[in-house]
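[1] Below is the sequence, then the predicted model.
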Amino acid sequence: MRRLKILTWHTHGSYLYYLTQVPHDFYVLSKPGRPPGYVGRSGQFRWGANVHDLPVDEAPRTQLDCIVFQDDDQYLHDQYTFLTLEQRRLPRIYIEHDPPRAHPTDTRHPVDDANTLLVHVTAFNRLMWNNGRTPTRVIEHGVIAPAGVEYSGELERGIAVINNLRQRGRRLGSDLYESATRAVPLDLVGMGAIQAGGLGEIPHADLPAFIARYRFFYNPIRYTSMGLAVIEAMMTGLPIVALATTEMASVIRDGVSGHADTDPDKLIGHMRRLLADRSAARALGQAARRYALERFAIGRFVADWEDALASVTS
């Protein structure tokens, strides 16, 4: 297919980094001062030459082929504020990153448009949203396997990677993380991690080598989408210890690629056994890596997105 000029937003930095591996040009909206959601082509990521910063006042004069929305405000407000009528008639895709919060099964999705493709990042998300008349498809995450990084598990500690855990509370498992730290040695990294007693933020490019030293990866999140940090940890060869909720229940095979359960006390027991048995942790981590390479390969992700873009622009 021909190379497209795609308008989008910097909503989730890691996701945008992987999305821009698709061989098209991405124009990312920015505002003066670069407030959240409008940081454009900036931040810690190693952006390719196909990622372009687009100030909002230049957007109406920019030739585009497709719009990829990534949250409600962009779809409900930004398109009417920053785009022309002609641009708003372009082929459109809305990426839904999360399951519904207001009600887990009966929430209507804000996109109600037979001419917009609604892309869910997990099958669980599509299952739970009431998508109405909007056409949908699932494109699961794709992650670049880290080069030159090998799991060692030398640290007798677990690692969690969650942004702003304290502010996001029970949904992200702040209480479960805190209780686990009283039972086993755990570290936390991510934005706002210091405020939650953690170590701070690690640059995305440095994260695989940083976490590869830890014995296991702990995911205390109760209810959210499938985290890219979990998949990145699997690609690095860490065994995963996680709540068996949302899409995680289809990703982690208990006792094969890690441990998944809905009982936090059982998960703590698994953590203690992994801390005591480095070879068992390594075996689980190797299985996790093999599965991640099979299911979440960047090549499959790029091919899925090429197909979706072709379907809306043909």
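    Ah, there it is.
[2] Now do the contacts for the residue nearest the centre of the chain.
    Centre of the chain computed as the mean C-alpha position; nearest residue by C-alpha atoms, centre = their mean is Leu228, 3.8 Å away. When the contact criterion is C-beta atoms under 8 Å, 6 or more residues apart in numbering, the partners of Leu228 are His12, Ser14, Tyr15, Tyr18, His141, Val143. All C-beta atoms are positioned from the backbone trio N, CA, C, and that covers glycine.
[3] isn't the third one right up against Glu96?
    Okay, so that is Tyr15. No. Contact criterion C-beta atoms under 8 Å: Tyr15 and Glu96 do not qualify, at 11.7 Å.
[4] which neighbours do the two share?
    Val121.
[5] Which one's more surrounded, these two?
    For Tyr15 versus Glu96, the count of surrounding residues by other C-beta atoms under 10 Å is larger for Glu96: 26 against 18.
[6] would you say Leu117 is within a helix?
    No. Leu117 sits outside any helix when classified using DSSP: H, G, I helix; E, B strand; the rest coil, being strand.
[7] Let me see the ranges of the helices in the stretch 101-250 of the chain.
    123-128, 165-168, 174-181, 207-211, 228-236, 248-251 (DSSP state H, counting those that start in this stretch).
[8] With just CA atoms, put the helix or strand bottoming out on mean pLDDT in the chain into CSV.
    Least confident helix or strand, the chain: helix 165-168 with a mean of 92, by mean pLDDT, DSSP states H and E. Coordinates of each C-alpha in helix 165-168 appear next as CSV, following Å, rounded to 0.1, in the frame of the first residue of the first chain:
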residue,chain,number,x,y,z
LEU,A,165,0.9,3.8,41.3
ARG,A,166,0.0,5.8,44.4
GLN,A,167,-2.4,8.1,42.5
ARG,A,168,-4.1,5.3,40.6
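[9] for it, packing partners?
    Packing contacts for helix 165-168, counted by 3 or more C-beta pairs under 8 Å, 6 or more residues apart in numbering; DSSP states H and E, involve helix 174-181.
[10] which of the residues in the helix it packs on are buried?
    Ser174, Leu176, Tyr177, Glu178, Ala180, Thr181 (16 or more other C-beta atoms under 10 Å).
[11] From the residues you listed, pick the one nearest Arg290.
    Closest approach to Arg290 among these (C-beta to C-beta): Ala180, at 26.8 Å.
[12] and the closest one, what does it touch?
    Gly158, Leu186, Tyr218, Pro220, Pro264, Leu267, Ile268, Met271.
[13] any idea how far the nearest residue to the last one once chain neighbours are set aside is from Ile231?
    Meaning Met271. In this structure, Met271 finds its nearest non-sequential neighbour in Val184, 4.7 Å apart by C-beta to C-beta, 6 or more residues apart in numbering. According to C-beta to C-beta, to the nearest Å, Val184 stands 23 Å off from Ile231.
[14] was I right about Pro23 contacting Arg3?
    Yes. With contact defined as C-beta under 8 Å, Pro23 reaches Arg3; the gap is 7.0 Å.
[15] These two: which is more packed in?
    Pro23 (13 against 10).
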